[in-house]
Each structure stands twice: as C-alpha cells, then as structure tokens.
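Participant: please find the sequence and the predicted model below.
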Amino acid sequence: MPDLPDFDWPSFLPGWVWLCGAGPGDPGLLTLHALHALRHADVVVYDALVEPRILDWAPQAEAIYAGKRGGKPSPLQRDISLRLVDLARAGRRVLRLKGGDPFVFGRGGEEAQTLVGHGIPIRVVPGISAGIGGLAYAGIPVTHRDVNQSVTFVTGHDQTGAAPSALDWGAIARGSEVIVIYMGLKHARQIAGELLAAGRDASEPVAIVTDATTPRQAVLETTLARLPEDATKVEPPGIICIGRNVLLRHTLDWQAGPKHLDPLGNRSRPESA
Ligand code: SAH
C-alpha cells in the first residue's frame, strides 16, 4: 500500500469520532480521507456491510463490530451511539465506519446527533453509496439524459421494519422516472404493488444488484411485474433499481468486457451472475 499523496491531511485527534463511509464493498472505492482515518484510528467501530478486508488496513486499531445482521442479537442504535461517546471520552481516536455513505439510510445522522449532543467533536467523511456506485458497477447509470431528469432514493422499510407507510408511492411513481430502493427485498411485493397501482408499467425494467462491487456481485434483470417473485430468489444486501436506465446495462455492463452491439442496441443477454 503506497503512502498517501502529499496533502494537508486533517489530524485525527484523540477524543474525536470520524464518521466515515466505507463504500459499497470494493476497498478501492474508499476515499483517501477514509484511508487516512484507517491508518490513524485507535479503534474502528464497523457495521455488517463494511467489507472485512478494509479492516486489514487498520492493523493497529481495535476492531469493534456493531452490525445488525447475521442472526446475532442486534445492538440497539442508542447503545452504539453511546459506545462511541464513551470511546471518545476515553481519549481514543474513534473511526465509525459505515457501509456506503454514512448519511444515506445508514443512521449516521442519528449517531452524529448523539455525538454532538454529548459534546464530542466529529468529522464526517462521505462514501460512495450503494444506490449510485453499486449500480455503476452493474453498468447502470443512475441518471442518463435520455432517460431521467430525476431519481428518487427510497428505503424499503421504516423504523418498525414494515414497508414504509408514510411514503406517498403515488407521487413517487408519477414524479420520478427512476426509483432506487435500499433495503427493499423483503417488501418488494408491497412496493411493486403500490407502484403498479399508481400507474407504473408492468413491463418496466428492473434490476436487483446484490453484493454490489464485491467479488460476489450478481445482477438479476427483471420487470416490475416479476419483481415480487424475483426478489425472493436473492439474498441481501441488494439494491433495486426501477426505470429504463436499467436497459443501458445491455451496452454498459463493463465488467463483462467489450460488447459487440447489434444495430438496434437491444440484443438479448442471459441474466448474468
Ligand atoms: N449507507 C448505505 C446504505 C445502508 S442501508 C449506503 O449509502 O450505501 C443498507 C442497504 O444498502 C442494503 O439493504 C442494500 O439495499 C444497500 N446496500 C448496501 N451495500 C450494498 C451492496 N454492496 N450491494 C447491494 N446493496 C447494498
């Protein structure tokens, strides 16, 4: 691992908490600030979605798992936040590492509020969010001039774990050409039902990208009508993208290598793993 380039790197001071995004998986998608933080942290508190290899880049630091998956009992969000407060008060350089971007559906905002409320100084390092970078690794541009002037990022479940009832699905269906859903696999049936009821086309292209940017990345291309069934065939974490931008993957699936396009640009390809 080469040295970081010459730059006026901010000092990671004892007693501070840096809330960093780790990106969707591929360690190469970390920001330089995140790498700098990994090298200087005394303790790294990380989530389930953080690619384990990234922790190898902080061999000097104690690693504390604060994940909420894998059948283990879930630490309460409040307990995680207060743990961060305690570690900082003990004078440690605390790196709070979260999958993707810490402020995108990751409760980073809540943790930051608790820290600030307790007088702990923080720094926030954004990361590449799965709903943008994960799609890019599947060859799906989240916006494209020919397809969409807007995109809506949606969470597939609310604080209680149910499909988010407060969302105005009709407004989203009508207002946004492309819809990107985080944590949507479990409630894909309800979500697809709401969008169809609001007038979205049953044949609208949909992609489910699981384990995006990792060696296990898989892409399942389907339609809005078939989404409920297909969502049951894959394992989380998965990002769901609904919109015609999904079709661009037929030419832009760069991981599959160069393409020889037919003149219509719509050759059929098998679902790729
Ligand atoms: N802060 C994260 C999102 C946390 S919510 C970010 O900005 O990306 C967790 C959800 O993110 C998962 O349920 C899944 O929908 C999505 N996600 C995170 N990493 C992913 C990955 N590597 N592949 C596919 N989806 C991912």
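Facilitator: Yep, that arrived.
Participant: domains in this structure, by residue range?
Facilitator: As given by automatic domain parsing, the domain ranges for the chain are 17-128, 131-256.
Participant: so which of those domains gets nearest the ligand?
Facilitator: domain 17-128 (1.9 Å; CB to the nearest ligand atom). C-beta coordinates here come from the backbone N, C-alpha and C atoms, glycine included.
Participant: from the chain's centre, how far out does the closest one sit?
Facilitator: Centroid displacement of domain 17-128 relative to its chain, using CA atoms, centre = their mean, to the nearest Å, is 14 Å.
Participant: how long is it from one end to the other?
Facilitator: 20 Å (CA to CA, to the nearest Å).
Participant: ok, now stretch 248-256?
Facilitator: End-to-end distance for stretch 248-256: 14 Å, by CA to CA.
Participant: would you map the strands across the stretch 1-150 of the chain?
Facilitator: In the stretch 1-150 of the chain, the strands defined using DSSP state E, counting those that start in this stretch lie at 17-21, 43-46, 62-65, 94-98, 122-125.
Participant: related to what we said a few turns ago, just put the domains of the chain in JSON lines and tack on mean neighbour count, mean pLDDT and distance to the ligand.
Facilitator: Formatted as JSON lines, those follow (neighbours: other CB atoms under 10 Å; pLDDT from 0 to 100; distance: least, CB to the nearest ligand atom, whole Å):
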{"stretch": "domain 17-128", "mean neighbour count": "19", "mean pLDDT": "94", "distance to the ligand": "2"}
{"stretch": "domain 131-256", "mean neighbour count": "18", "mean pLDDT": "95", "distance to the ligand": "3"}
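Participant: would you reformat those domains as a markdown table and include distance to residue 8?
Facilitator: As requested, these are exported to a markdown table (distance: least, CB to CB, whole Å):
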| stretch | distance to residue 8 |
| --- | --- |
| domain 17-128 | 11 |
| domain 131-256 | 27 |
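Participant: mind listing the strands for the stretch 151-273 of the chain?
Facilitator: Per DSSP E, counting those that start in this stretch, the stretch 151-273 of the chain carries strands over the ranges 151-155, 178-182, 205-210, 218-223, 238-242.
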